[in-house]
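Colleague: sequence and predicted structure are below.
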Amino acid sequence: MSYRATFEAWKNDPEAFWLNAAGGIDWIEPPRKALFDRGADLYEWYADARVNGCYNAVDRHVENGRADQLAIIHDSPITGTQQKITFAELQDRVSKLAGALQAQGVTKGDRVIIYMPMVPEAIDAMLACARIGAVHSVVFGGFAANELAVRIDDCAPKAILAASCGLEPGRVVEYKPLLDGAIDMAKHKPEVCLILQREQHRCDLTPGRDIDWTTAQEAAEPADCVPVEGNHPAYILYTSGTTGAPKGVVRHTAGHLVALNWTMKNVYNVDPGDVFWAASDVGWVVGHSYICYGPLVHGNTTVVFEGKPVGTPDAGTFWRIIEEHNVRSFFTAPTAIRAVKREDPKGEFIKKYDLSCLRALYLAGERADPDTVIWAQEKLAKPVFDHWWQTESGYPMVANPAGLDDLPVKIGSPSVAMPGYDIRILDESGKELPRGTLGAIAIKLPLPPGTLPTLWNAEDRFRKSYLTTFPGYYETGDAGMMDEDGYLYIMARTDDVINVAGHRLSTGAMEEVLAGHPDVAECAVVGVSDPLKGQAPVGFVCLSKGVNRPHEEIAAECVKRVRDQIGPVAAFKQALVVDRLPKTRSGKILRATMVKIADNEEFRLPATIDDPAILEEIRAALQTIGYGGR
């Protein structure tokens with residue numbers, strides 16, 4: 001079926017569509033009904049079914065002839081090592097780790113925090129929890145102790161699975177002091193911690209609480225798969241909240257299995273047996289959906305990557321891995337491609353590798369600026385697909401469905417709504433806006449399977465965060481517009497639509513113009529307080545490697561570009577050349593924090609920030625134009 005026919009089939013009979021999609025999953029008790037309306041805008045999917053997530057990701061492939069197929073390829077340029085694990089080997093590893101958890105009293109419904117680097121054991125840990133019906137909550141390895149403590153208190157884990165260390169280029173990050181500090185701070189105390197000792201740094205174990213991972217795993221009896229209800233939580237994943245307190249996004253088991261399995265062919269166009277690589281981290285939703293569950297449930301080989309897009313050892317790492325491991329579909333963040341582009345603007349490293357195996361590059365995590373997309377298209381000579389989704393949705397809401405149709409790519413748009421998503425553009429009063437008009441992006445309820453049904457122990461906060469602004473809709477927090485063909489354009493977070501002298505302007509549109517400057521590798525535009533106009537845009541640009549022209553000259557050209565292409569209405573008068581932009585570890589630019597610095601307001605250091613020192617560099621740059629205090 002074509003995309004249009006598929007979308008219409010969903011729209012005409014959502015129940016039948018999602019029951020049909022459920023046929024791709026192996027059930028203990030199949031669903032008789034797809035959607036359960038719990039009232040007051042709360043919904044659940046496949047609640048009458050019984051299923052096991054680990055069985056679908058591992059055991060069924062062993063039983064159906066894929067035992068010797070590779071399930072996981074671990075590639076760590078930081079350590080210079082690789083490891084390849086078949087589905088049969090994965091089944092053995094996971095069942096024994098699940099047995100080790102059971103031996104420590106972990107049972108169905110108990111929470112388990114996973115605090116791990118990018119090693120295969122992180123995937124083992126997630127699947128071991130799924131195997132016995134425990135609810136995992138992955139916290140980014142190396143997260144600050146106080147942030148880990150907040151998550152321990154919120155989900156009250158019976159156990160924590162952690163490693164002795166993580167590795168960054170040139171340094172070892174010791175996890176144990178952070179873990180100990182978090183447990184000391186937390187009111188809730190986990191009963192046991194399983195610690196994976198890495199050879200790069202072995203830590204001391206706390207008597208009476210800590211157990212050696214390998215010893216416990218080797219001694220354990222393999223655990224069988226425990227049936228769970230379709231609406232049993234598979235995991236809790238914390239996302240940053242506007243109040244500073246993290247929000248625990250809940251993912252129900254059955255819906256996420258069905259939805260992820262559906263996307264692997266229809267969105268990413270891979271067949272069982274193909275190698276799929278999402279260059280992300282298990283601490284983010286991409287790691288959950290497209291390093292662990294999605295590829296493995298669908299019968300793909302997944303790549304677990306411990307490295308960086310540049311510097312481990314160079315800007316050719318991505319292309320080396322694609323060639324070496326025969327990667328068919330590759331998924332990363334735009335910021336990673338911008339980092340590669342900045343180091344290798346002419347694509348010299350790309351020419352060193354045979355990328356004939358690669359079918360397409362997928363980008364998500366933040367807006368893919370046209371300049372980056374065009375560079376990747378030209379240098380790779382492959383389709384480049386931007387797509388849009390959130391931690392809350394768990395998988396793409398808007399994408400180019402390459403497995404269904406050869407839809408044209410419109411640069412600047414992540415393409416069209418996926419089945420299940422009835423997307424509308426609304427004004428501040430909730431009234432639908434005409435095509436081509438900038439507004440708030442909202443999705444008519446109910447959301448499809450695999451999306452968040454609520455927040456962990458916080459239903460009121462769930463309603464306030466997502467359901468109250470536009471009754472009957474899920475509020476995405478993003479602003480954009482839709483064209484006549486149904487292509488969505490994400491222009492900014494709602495907070496990043498700035499009001500300049502009464503004109504609502506998208507910072508994303510200005511960033512597009514700046515990114516088109518031949519010397520600019522990366523950029524951000526924020527709205528700062530202005531006594532005359534209310535808000536004024538300020539641009540920050542990072543230059544490509546090898547650019548040696550005067551910064552004042554480049555800044556002036558950037559100002560002129562915005563004036564020429566958007567017009568005087570933008571009142572764009574300030575562009576600052578900086579070495580780097582403040583980002584989260586997943587690559588999102590911390591624009592809201594930059595605004596607070598510019599306006600000299602107090603701000604809470606974002607928990608996910610990659611390098612806090614950058615914030616002072618931004619403040620220093622802003623002070624040169626009279627912002628950011630003195």
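Modeller: Arrived safely. Residues are numbered from 1 along each chain as shown.
Colleague: what residue of this protein is the furthest out?
Modeller: Going by CA atoms, centre = their mean, the residue of the chain most distant from its centre is L532, 38.5 Å out.
Colleague: which residues of this structure score low on pLDDT?
Modeller: 240-244, 494-496, 501-504, 630 (pLDDT under 70).
Colleague: what number of residues lie near D271?
Modeller: By other CB atoms under 10 Å, the residues close to D271 number 12. The C-beta positions use only the backbone N, C-alpha and C, and glycine is treated the same way.
Colleague: that one in helix, strand or coil?
Modeller: Under DSSP: H, G, I helix; E, B strand; the rest coil, D271 falls in the coil class.
Colleague: who's in contact with it?
Modeller: K265 (CB atoms under 8 Å, 6 or more residues apart in numbering).
Colleague: what is the biggest helix by length in the chain packed up against?
Modeller: When the chain is parsed with DSSP state H, its longest helix is helix 87-103. For helix 87-103, the helices and strands in contact under the criterion 3 or more CB pairs under 8 Å, 6 or more residues apart in numbering; DSSP states H and E are strand 70-76, helix 120-132, helix 213-219.
Colleague: so what strands line up beside the first one?
Modeller: For strand 70-76, the paired strands and their directions (DSSP bridges) read strand 81-86 (antiparallel), strand 301-305 (parallel).
Colleague: of the ones you listed, which stretch is the most buried?
Modeller: strand 301-305 (a mean of 25; mean count of other CB atoms under 10 Å).
Colleague: may I have it as CSV, with CA atoms only?
Modeller: Extracted as CSV, the C-alpha positions of strand 301-305 are listed here (Å, rounded to 0.1, in the frame of the first residue of the first chain):
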residue,chain,number,x,y,z
THR,A,301,21.2,-6.4,13.8
THR,A,302,21.8,-3.3,15.9
VAL,A,303,25.0,-1.4,16.3
VAL,A,304,26.1,-0.2,19.8
PHE,A,305,28.6,2.6,19.4
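Colleague: what's the first helix or strand after that strand?
Modeller: helix 317-325 (DSSP states H and E).
Colleague: which strands and helices sit next to that following helix?
Modeller: strand 70-76, strand 275-278, strand 301-305, strand 327-332.
Colleague: give me the contacts around the longest helix of the chain.
Modeller: Counting by CB under 8 Å, 6+ apart, 54, 58-59, 61-62, 66-72, 85, 112, 120, 123-125, 127-129, 131-132, 134, 159, 194, 213, 216-224 sit against helix 87-103.
Colleague: buried set for that helix?
Modeller: For helix 87-103, the neighbour count (16 or more other CB atoms under 10 Å) marks 87-102 as buried.
Colleague: C-terminal to the host helix or strand of D460, what's the next element?
Modeller: Using DSSP H and E, D460 falls within helix 459-462. Under the assignment DSSP H and E, the closest C-terminal helix or strand after helix 459-462 is strand 473-482.
Colleague: who's in contact with that following strand?
Modeller: By CB under 8 Å, 6+ apart, the list of residues contacting strand 473-482 reads 388, 390, 397, 423-426, 430, 433, 435-445, 447, 465-467, 469, 488-497, 506.
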